[in-house]
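S.K.: Sequence and computational prediction follow.
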Amino acid sequence: YSIEQFDALLEEEEALLQELEKYKHKNNLITVDTYDSCDDTTSNISLDKLLLEHDDSHIELIQNELLKNVDDAKKMDEIVNKLEKVKQLQESLQELQERQMGIILNSVQDVVSMFPTLHALCVGPGLGRHPLVFKVVQEVLQRGMESNLTLILDADVLFMLSLGDYRELYKELLEYERCVMTPNVMEMKRLPSLSAFGDENDNKNIIVAKGHVDAISRGDFGMQCDEEGGLKRSGGIGDVLAGTISAFMAWYTILDGGGKGELQSLKQQREFAVWAACCTVKRATKLAFENKRRAISSRDVLGQICGVIANMEEDIEKC
């Protein structure tokens, strides 16, 4: 489904909500005096309150109760017409929301159907910030955790997790061991403080705070990648890092063999895989800068990754 289709759905929903909003406006309210025989009291009830606090099944009941207290025929017709209009709007809104949910679930299924072929899933680079896309991503991440899939989260998905609507999802991801988040300085500031969810030392996921020195942390464990990088931070290098971490975590998942090793050792290997990915991108950035100087782009960095890994393998074999 295209973003244009998602936009059209949201515009249609907004139009319906604005139409419904008219019935909350002070000048459009109809108030009716009602008498409570039990308490022997008379109260004034506004139409918008009754409409917006009840679902469609109550509208006919509301209408009958209101009309019992109205003697003026003109006012009675006005109440009936407004109730009918609101009922139609609510039905249209419900139908639209059902269509939205159908599209979201179909989109989720398209991604989830590929899970059996994946060792890791990277979400965020190029994602965008469309509200319906966020709903798709939320469900995909939930399914990913249920499938024990390694998740690498970067860029726009970190913005999504900073929003109040996704606070519970963020909390779940902090407790998910197979999750790696790669926030930059601004993304780190937007995300809720780890201490807001209890002792930050209890967090089980890995967070890579990107910067001149990449800080890698998991709960009370931390390490740094102070490998020298290039002197220019070109746009898109963060995406290269997210992809490189995804590759290293996928390799780790294959070698892990389903988590059969000793638990603490596995956690350390997972962190080392992330650290190795950070070192790889730093070295690639340095080489790309030496070749292109200020004309460096993320494509130049990407082109150096293969050679850097090969050199790292040679260094390991010499040890």
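M.R.: Alright, I've got the coordinates.
S.K.: How about Arg270: what's its closest non-neighbour residue?
M.R.: Of all residues not flanking Arg270 in the chain, Tyr252 sits nearest, at 6.0 Å (Cβ to Cβ, 6 or more residues apart in numbering). Yep, even glycine has a C-beta here, placed from its N, CA and C like the rest.
S.K.: any idea which element that neighbour lies in?
M.R.: If you go by DSSP states H and E, Tyr252 is part of helix 237-256.
S.K.: Please apply the same query to Lys292.
M.R.: Element membership for Lys292, per DSSP H and E: helix 263-292.
S.K.: and that helix, what does it pack onto?
M.R.: Judged by 3 or more Cβ pairs under 8 Å, 6 or more residues apart in numbering; DSSP states H and E, helix 263-292 is in contact with strand 206-209, strand 214-218, strand 221-225, helix 237-256, helix 298-318.
S.K.: List the buried residues in that helix.
M.R.: For helix 263-292, burial by neighbour count (16 or more other Cβ atoms under 10 Å) applies to 267, 270-271, 273-289, 292.
S.K.: averaged over its residues, what pLDDT does that helix have?
M.R.: On average, the pLDDT along helix 263-292 is 88.
S.K.: Pull the distance from it to the chain's centre.
M.R.: Centroid separation for helix 263-292 versus its chain: 26 Å, with Cα atoms, centre = their mean, to the nearest Å.
S.K.: what angle sits between it and helix 298-318?
M.R.: Helix 263-292 runs at 130 degrees relative to helix 298-318, counting by axes from the mean of the first three to the mean of the last three Cα atoms, to 10 degrees.
S.K.: Relative to Ala277, how far out is the residue nearest to Arg270?
M.R.: 10 Å (Cβ to Cβ, to the nearest Å).
S.K.: Can you tell me the element Pro192 falls in?
M.R.: Counting by DSSP H and E, Pro192 is part of no helix or strand.
S.K.: List the contacts of it.
M.R.: Contact analysis of Pro192 by Cβ atoms under 8 Å, 6 or more residues apart in numbering lists Ser162, Arg167, Tyr170.
S.K.: which one of these sits closest to Leu127?
M.R.: Closest approach to Leu127 among the contacts of Pro192 (Cβ to Cβ): Ser162, at 13.7 Å.
S.K.: Now Met160: closest residue in space, sequence neighbours ignored.
M.R.: The shortest distance from Met160 to any residue other than its chain neighbours is 4.9 Å, reached at Phe134 (Cβ to Cβ, 6+ apart).
S.K.: Report all helices and strands that the host helix or strand of the one you found contacts.
M.R.: Per DSSP H and E: Phe134 is located in helix 131-146. Applying 3+ Cβ pairs under 8 Å, 6+ apart, we find helix 131-146 packed against helix 3-21, helix 73-112, strand 120-123, strand 150-153, helix 156-161, helix 167-174.
S.K.: and with 7 Å instead?
M.R.: Under the contact definition 3 or more Cβ pairs under 7 Å, 6 or more residues apart in numbering; DSSP states H and E, helix 131-146 sits against helix 3-21, helix 73-112, strand 120-123, helix 156-161, helix 167-174.
S.K.: so how far is the second one off the chain centroid?
M.R.: For helix 73-112, the distance from its own C-alpha centre to the chain's C-alpha centre is 25 Å (Cα atoms, centre = their mean).
S.K.: That helix to helix 3-21, inter-axis angle?
M.R.: Using the same axes, to 10 degrees: helix 73-112 against helix 3-21 is 160 degrees.
S.K.: which residues are contacting the helix holding Tyr252?
M.R.: With contacts defined as Cβ atoms under 7 Å, 6 or more residues apart in numbering, helix 237-256 is touched by 119-120, 122, 124-125, 150, 152, 154-155, 180, 182, 184, 210, 266, 269-270, 273-274, 276-278, 280-281, 285, 298, 301-302, 305.
S.K.: got the CA positions of that helix in PDB?
M.R.: Output of helix 237-256 as PDB, limited to C-alpha atoms (Å, rounded to 0.1, in the frame of the first residue of the first chain):
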ATOM      1  CA  ILE A 237      26.300   6.900   7.800                       C
ATOM      2  CA  GLY A 238      23.900   6.100  10.600                       C
ATOM      3  CA  ASP A 239      21.900   3.900   8.200                       C
ATOM      4  CA  VAL A 240      25.100   2.200   7.100                       C
ATOM      5  CA  LEU A 241      25.800   1.500  10.800                       C
ATOM      6  CA  ALA A 242      22.300   0.100  11.400                       C
ATOM      7  CA  GLY A 243      22.700  -2.200   8.400                       C
ATOM      8  CA  THR A 244      26.200  -3.300   9.500                       C
ATOM      9  CA  ILE A 245      25.000  -4.100  13.000                       C
ATOM     10  CA  SER A 246      22.100  -6.100  11.400                       C
ATOM     11  CA  ALA A 247      24.600  -8.100   9.400                       C
ATOM     12  CA  PHE A 248      26.800  -8.800  12.400                       C
ATOM     13  CA  MET A 249      23.800  -9.700  14.600                       C
ATOM     14  CA  ALA A 250      22.500 -12.000  11.900                       C
ATOM     15  CA  TRP A 251      25.900 -13.800  11.800                       C
ATOM     16  CA  TYR A 252      25.800 -14.000  15.600                       C
ATOM     17  CA  THR A 253      22.300 -15.500  15.400                       C
ATOM     18  CA  ILE A 254      23.500 -18.200  13.000                       C
ATOM     19  CA  LEU A 255      26.600 -19.000  15.200                       C
ATOM     20  CA  ASP A 256      24.500 -18.900  18.300                       C
END
